[in-house]
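J.: What would the 3D arrangement of this be:
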Amino acid sequence: MTETQKMMAQVKEAGLAGVISYALWELGFWAISVPVCIFGYYEVTGHFPDLTNAEDQGKLGAEAFAFVNFARFAVPLRIGLALGTTPWIDENIN
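T.: I've put the predicted structure just below:
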């Protein structure tokens, strides 16, 4: 098992609190990431993406590719955050 798989196993072993904690961190990460990516696109190009324009679609695709690689790199961080907040979730929400 890889280190990431071991950490995910710990999240699952933590039960419902672990799953809730992981889900909240994932939700927060993606909820913040989408506006940040759109703003980044705007700052680089000077306009919001036009999905009917092939050039904009290509630029947006390149940005999405780069961001997905960053997101994959950040998985252990998000799992670690979830494991760190699992006790709080267990006490206060679960």
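J.: residue boundaries of the helices in the chain?
T.: With helices called from DSSP state H, the chain shows them at 3-13, 16-45, 54-73, 75-92.
J.: Deepest in the core, which of the ones you listed is it.
T.: Stretch with highest mean neighbour count among those: helix 75-92 (a mean of 16; mean count of other CB atoms under 10 Å). All C-beta spots, glycine's among them, are computed from the backbone N, C-alpha and C.
J.: tilt between it and helix 16-45?
T.: Going by axes from the mean of the first three to the mean of the last three CA atoms, to 10 degrees, helix 75-92 is angled at 130 degrees with respect to helix 16-45.
J.: now helix 75-92: how far from the chain's centre is it?
T.: Between the centre of helix 75-92 and the centre of its host chain there is 14 Å, according to CA atoms, centre = their mean, to the nearest Å.
J.: Repeat that for stretch 13-31.
T.: Going by CA atoms, centre = their mean, where stretch 13-31 is centred and where its chain is centred differ by 11 Å.
J.: List the contacts of it.
T.: By CB atoms under 8 Å, 6 or more residues apart in numbering, the list of residues contacting stretch 13-31 from outside reads 10-12, 71, 74, 78-79, 81-83, 85-90, 93-94.
J.: Now with 10 Å, please.
T.: Around stretch 13-31, the neighbours that count as contacts under CB atoms under 10 Å, 6 or more residues apart in numbering are 7-8, 10-12, 71, 74-75, 77-94.
J.: How about stretch 32-46?
T.: Identification of contacts with stretch 32-46 by CB under 10 Å, 6+ apart yields 47-49, 55-56, 59-60, 63-64, 66-67, 70-71, 74.
J.: that older thread, dump the helices of the chain into JSON lines; add mean pLDDT as well.
T.: As requested, the helices of the chain are exported to JSON lines (pLDDT from 0 to 100):
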{"stretch": "helix 3-13", "mean pLDDT": "89"}
{"stretch": "helix 16-45", "mean pLDDT": "92"}
{"stretch": "helix 54-73", "mean pLDDT": "90"}
{"stretch": "helix 75-92", "mean pLDDT": "93"}
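J.: For Pro49, grab phi and psi.
T.: When read as degrees, to the nearest 10, the backbone of Pro49 gives phi -60, psi 140.
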